[in-house]
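>>> Turn this into a model:
(chains A and B)
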Amino acid sequence: MSERRPKDLEPVAGNGLLHRRLFLKGGAAVLGAGSLGLMTAAPAKDLPPWMGAPGRPLSGYGSRSPYEDHVRRRLLAATGADGAGGSWTPLEALEGMITPNPLHFERHHSGIPDIDPDRHRLLIHGMVDRALFFDMDALSRYPMVSRIQFIECSGNSYLAGLPRQPINDTCGVLHGLVSCSEWTGVPLSILLDEAGVDPDAGWIMAEGADAAAMNRSVPLAKAMDDALLAVYQNGERLRPEQGYPLRLFLPGYEGNMSIKWLRRIKVTAAPSMTREETSKYTDLLPDGRSLIFTYPMDVKSVITSPSPGLVLKGPGLYQISGMAWSGRGRIARVEVSADGGATWGEAALCEPVLDKAVTRFRMAWRWNGAETAILSRAVDETGAVQPTREAIIAAKGRKFAYHYNGIQAWGIDSEGQVANVYA
Amino acid sequence: MRSLTAVAAAALAAVVLAQEGPELGVEATPEQVSEWEISIEPDGEGLPPGSGTALEGEPVYTLYCFSCHGTEGQGLLNDVLVGGHGTLDGPAPLKTVGSFWPYATTVFDYIRRTMPYQEPQSLSDDQVYALTAYLLFLNGIVGEDEAMNARTLPEVRMPNRDNFILAWPPPEKQSGE
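From the prediction side, this is the model:
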C-alpha cells in the first residue's frame, strides 16, 4: 500500500498542481489500480493469442513492437533537392532522457552518404606542425570518453513561437529538432595535440564527406575543450544519418556545427566564413544587422505530456511530463504552471541531471476539467531563465529563425484537447 | 606514506593516459593535403588558378543552375540568389547572395563544394569563377566583363559585410571591438 504523506496531495500552485513527491513515492499503487484485472479475470479458454502459442524466434537485431510502428519521425523534405531536409523526433511519444537511435532528429544538406569505414579517413592540417591522416582502425585505439548530451538544431522551436499565429501540430514537429544520446568517441584535443597546433591558430574548419561537403568554423577553444570525435551513439556505431562512421560532436553548440561524416579539420587563424555560418545560421535583427557565431543553445523546456494530439480523458489525476535542457550547463530547476502562468510550482527533476543533457521533469496535476493552459519554465545552473515569447520578440524582433527558446504554453479546452497557444 | 604516493602516482598516470593517444596519425604529404583541401578563406587563401566573367557565367548558369534557382537567380525550387538590397531592415527582408552574404569568396567556395546539387565538385574552376562573377553581376556588385580570379575575388566588397555583430567570443572577452 502507498505510504503517501498527506502533504503530497496538497496543492503547491494554482489549478490543481500537486506536490512533486506524489509521483516519486507512493503514486504507482493508486495509478496502477484498475489496469491489472483484464487477464487474471479472464477464463483460461479465452487466453489471448500471445499466451496460447509460442512467440516469434530470436533475432540478431531487435525490432520494436508492431503496435509502436506509428511512432515515427515526421519528415520535411526539401523540394528539388533529394535527400536534403530534416525530420523531427516525436517527443510526445517518448519518455526519459535518451532518444532511441532510429528516432534521433535529422538534418541533411545533400542526403545521407553510405560511407565504407575502411575507406574513410580524417585529415587534420593547416596551422599544425604535421598534417596527419587518421583511419577508423587507428581511431579505435585512442582513448575514448562517453557523455550523455543533447544535440539541437538551432532552428528548433521556430515553428512553436515565431509565426504570427500559433501553428497547431505535435510537440515533435514544434520542438523535435532536439535529441539526446550517449556519445562515445575520442576527444578532439588529443588528435590536435598530436598534430601540434600553431600558437597563433584560433579556429578550426570542420568538413563532412557528404555530397554537400558541409563545413563550419569552430573556435579552437571549443575544439580543445570538450569537442568529441564521436564513433558510437547509445552504445552502437553511429547511424548513417548521424554521421557514420565519424562525426564531430560539440556539446551545447548549435547542431549544424557538429559536422557529420567528418573528413577534414583545417586549423586556421580566423573563421572560414562558410556559407552555413554566414548566410544561414545568423540571426537577423530588427535594424537589419545580424548576429553571427551564436553558438550555445540557450535554456529551454517543453511539456511533452500532455501535448497536442494527446487528449485528456476527463477530469482527474494526470502526470505532467516534460524535458528541459541547456547548452550552457545543467538544469537547475523547472517550474510548471497549470493556470496560464499565474502561479508556478517546482517540478521533480529525474536523475541523472547532467551537463548539457536533456533532463526529464515530472509534476502531478489534478485537472478539474476546465479550460486552462499549462506551461513550463526552465532555469539552468548559470541562472539563465527561459524567457517568454513576448520578451524574445521585444528583444530580437521576429525576422530571425534560430535560437528561439520561449516558454511554451499548451492550451487545454474543456474536452481535454491540447493545442499550441500564445499565452 | 608509501600507499599515498602510490595512489598519487596512479592518479597522475590516469590523467596522462586520458590526455595522450597512441600517436597513430600518418603524415600527409603536401600533395595529399592539396588534393583534400577544397575550402576558401575570406582572404582568398585556397583560391585556385583560373578566371571567369559574368558573360562567361550566364550560359553555365542556364545549363546547371536555372532549373532550381530560376531566371537570373530570382529563385524557383530553391533559394533566391539575386536582389533584396535594402530590405533587411524592413518588414519583409529578402536574404540573397547580394543583399546578405558578407564575403564573395564564400560564393566560390559554396558553388564549388556543393553545386550543382546532383553532381557536386564536377565544374571546372573557370566555370565556378564565371558563375560567381555572374551572380555578383546580377546583384550589381561587379561589371559584366569583370574577371573574377584568385586576385580579384577577395577584393570584392559585399554590401552587407559590416552588418554582422559577433556573438562569439562573449562580449567581455572581445578586445578592440
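
>>> Dead centre of chain B: give me the residue that sits there.
The centroid of chain B falls nearest to residue B:106 when counting by CA atoms, centre = their mean (3.3 Å).

>>> wait, that one sits on residue A:271?
No - here residue B:106 lies out of contact with residue A:271, judged by CB atoms under 8 Å, at a distance of 11.0 Å. All C-beta spots, glycine's among them, are computed from the backbone N, C-alpha and C.

>>> Please identify the helix or strand for the residue nearest to the centre of chain B.
Using DSSP states H and E, residue B:106 falls within helix B:104-114.

>>> what residues are up against the nearest residue to residue A:184 once chain neighbours are set aside?
Distance criterion CB to CB, 6 or more residues apart in numbering or on different chains; nearest residue to residue A:184, sequence neighbours excluded, is residue A:232 at 3.8 Å. Residues in contact with residue A:232, defined by CB atoms under 8 Å, 6 or more residues apart in numbering or on different chains, are A:144, A:146, A:182-185, A:238.

>>> cool, and residue A:411?
Applying CB under 8 Å, 6+ apart, the residues contacting residue A:411 are A:371-373, A:418-421.

>>> Ok, residue A:306 next?
Going by CB under 8 Å, 6+ apart, residue A:306 touches A:312, A:318, A:320, A:374, A:410, A:412, A:418.

>>> how close does the first one sit to chain B?
In other words, residue A:312. Taking CB to the nearest CB, to the nearest Å as the measure, residue A:312 falls 39 Å from chain B.

>>> Also the third one?
The span separating residue A:320 from chain B equals 34 Å under the rule CB to the nearest CB.

>>> cool, and the fifth one?
When CB to the nearest CB is applied, the distance between residue A:410 and chain B equals 30 Å.

>>> hang on, that residue is in a strand, isn't it?
Yes - the assignment for residue A:410 is a strand, going by DSSP: H, G, I helix; E, B strand; the rest coil.

>>> residue contacts, it?
Going by CB under 8 Å, 6+ apart, residue A:410 touches A:303, A:306-308, A:373-375, A:418-421.

>>> okay, those in a markdown table with distance to residue B:97 next?
A markdown table is the format used below for the contacts of residue A:410 (distance: CB to CB, whole Å):
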| residue | distance to residue B:97 |
| --- | --- |
| A:303 | 41 |
| A:306 | 45 |
| A:307 | 40 |
| A:308 | 38 |
| A:373 | 43 |
| A:374 | 44 |
| A:375 | 41 |
| A:418 | 43 |
| A:419 | 40 |
| A:420 | 35 |
| A:421 | 39 |
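
>>> and those, which are buried?
Burial by neighbour count, judged by 16 or more other CB atoms under 10 Å in any protein chain shown, picks out A:303, A:306-308, A:373-375, A:418-421 from the contacts of residue A:410.

>>> As JSON lines, these with pLDDT and secondary structure would be great.
Formatted as JSON lines, the buried ones among the contacts of residue A:410 follow (pLDDT from 0 to 100; DSSP: H, G, I helix; E, B strand; the rest coil):
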{"residue": "A:303", "pLDDT": "98", "secondary structure": "strand"}
{"residue": "A:306", "pLDDT": "98", "secondary structure": "coil"}
{"residue": "A:307", "pLDDT": "98", "secondary structure": "coil"}
{"residue": "A:308", "pLDDT": "98", "secondary structure": "coil"}
{"residue": "A:373", "pLDDT": "98", "secondary structure": "strand"}
{"residue": "A:374", "pLDDT": "98", "secondary structure": "strand"}
{"residue": "A:375", "pLDDT": "98", "secondary structure": "strand"}
{"residue": "A:418", "pLDDT": "98", "secondary structure": "strand"}
{"residue": "A:419", "pLDDT": "98", "secondary structure": "strand"}
{"residue": "A:420", "pLDDT": "98", "secondary structure": "strand"}
{"residue": "A:421", "pLDDT": "98", "secondary structure": "strand"}
